[in-house]
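[1] have a look at this fold, sequence not included:
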């Protein structure tokens, strides 16, 4: 199409009917909002995945649970993803232990519920603005189509008043109407494409969080059984086994999430997942089973 003179795109836009111009301006605003969300969410998901990798490397490196908790507390409001889930779960676990004698099932149920609440809040942050992106992708083509229909209708009304209609009279109104459709597609296509991509990333992170919660709950449950056994063997000498996340606790009881005697054997135990007592089924938890590396060696 000849884009010079009266049929240039800018000329058609500025000489379109007021309603078509409003539709174009609205679609331009939707496109800007869409790309703003796309860049923002891309950075958020990239940071969330990097933080999850960093935390899991540290968690499975054999670091003391209390030291890891203190590191999370020092970050304050900068906690993201697994850090939030871990710190909330560990804090609730210690609180229930120190509140007095409690059934093991009650302790673990309360701990897991607290981690679930934190995980739900993290998912809300990850899913924020995705609905807006989906809405833009859904309505933009229809808004553009509305502008096109209105523009063509306006063109035919103008032609009705002319006895001898020519192509030069028909082309400009139809061209300006089609610009609205093009702008609608320009706003919708990236929004739909990135929405589907972001949903996939959110689901992957959600599975990763859930698998970590299951693994961490299994570790805490195992340690709780062991601590109770040691306390019974020592005639319930509670002060020696008191757990305080702020002041420290028995190094023997909570030195490593798997226990001291398992720390050096962990990499071998994770390979044989069928017989290992430390394997937790799950999509993300099985990544160590399918890898030749030990989870203690990092990502």
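    In hand now; what should we look at? Computed from a prediction, not measured in an experiment: that's the story for all the values here. Numbers count the residues shown, from 1 in each chain.

[2] so the residue lying farthest from the centre of the chain: helix, strand or coil?
    Here the centre of the chain is the reference, and by Cα atoms, centre = their mean the most remote residue is residue 163, at 61.9 Å. Three-state assignment for residue 163 (DSSP: H, G, I helix; E, B strand; the rest coil): coil.

[3] got phi/psi on it?
    The phi/psi pair for residue 163 (degrees, to the nearest 10) reads phi -80, psi -50.

[4] any idea how far it lies from residue 153?
    20 Å (Cβ to Cβ, to the nearest Å). For the C-beta atoms, the positions are set from N, CA and C on the backbone; glycine is no exception.

[5] circling back to that earlier point, any idea how far residue 20 is from the residue farthest from the centre of the chain?
    The spacing between residue 163 and residue 20, counted by Cβ to Cβ, is 26 Å.

[6] any chance you could map the strands in the stretch 151-299 of the chain?
    243-244, 248-249 (DSSP state E, counting those that start in this stretch).

[7] quick one: the helices in the protein?
    For the chain, the helices defined by DSSP state H cover 9-14, 18-59, 65-75, 82-98, 104-127, 130-160, 167-233, 238-241, 260-263, 266-271.

[8] give me whichever of those helices is most buried.
    The highest mean neighbour count among these, using mean count of other Cβ atoms under 10 Å, belongs to helix 82-98: a mean of 21.

[9] list of residues touching that one?
    The contact list for helix 82-98 (Cβ atoms under 8 Å, 6 or more residues apart in numbering) reads 51-52, 55-56, 59, 65, 68-69, 72-73, 75, 79, 102, 106-107, 110-112, 114-115, 117-119, 121-122, 208-209, 212-213, 216-217, 220, 224, 227, 242-245, 249.

[10] kindly report the same for stretch 18-36.
    Stretch 18-36 has contacts (Cβ under 8 Å, 6+ apart) with 13-14, 16, 132-133, 136-137, 139-140, 143-144, 146-147, 150-151, 154, 176-177, 179-180, 183-184, 186-187, 190-191.

[11] try stretch 187-206
    Defining contact as Cβ under 8 Å, 6+ apart, one finds that stretch 187-206 is touched by 27-28, 30-31, 34-35, 38, 41-42, 45, 48-49, 52, 81, 119, 123, 126-127, 130, 133-134, 136-138, 140-141, 144.

[12] now with 7 Å, please.
    27, 30-31, 34-35, 38, 41, 45, 48-49, 123, 126-127, 130, 133-134, 136-137, 140-141 (Cβ atoms under 7 Å, 6 or more residues apart in numbering).

[13] now the residue nearest to residue 145 when sequence neighbours are not counted: how far from residue 192?
    Closest residue to residue 145 apart from its sequence neighbours, by Cβ to Cβ, 6 or more residues apart in numbering: residue 181 at 6.0 Å. Separation of residue 181 from residue 192 (Cβ to Cβ): 16 Å.

[14] how about residue 188, nearest residue that isn't a chain neighbour?
    residue 140 (3.8 Å).

[15] appreciated, that's everything.
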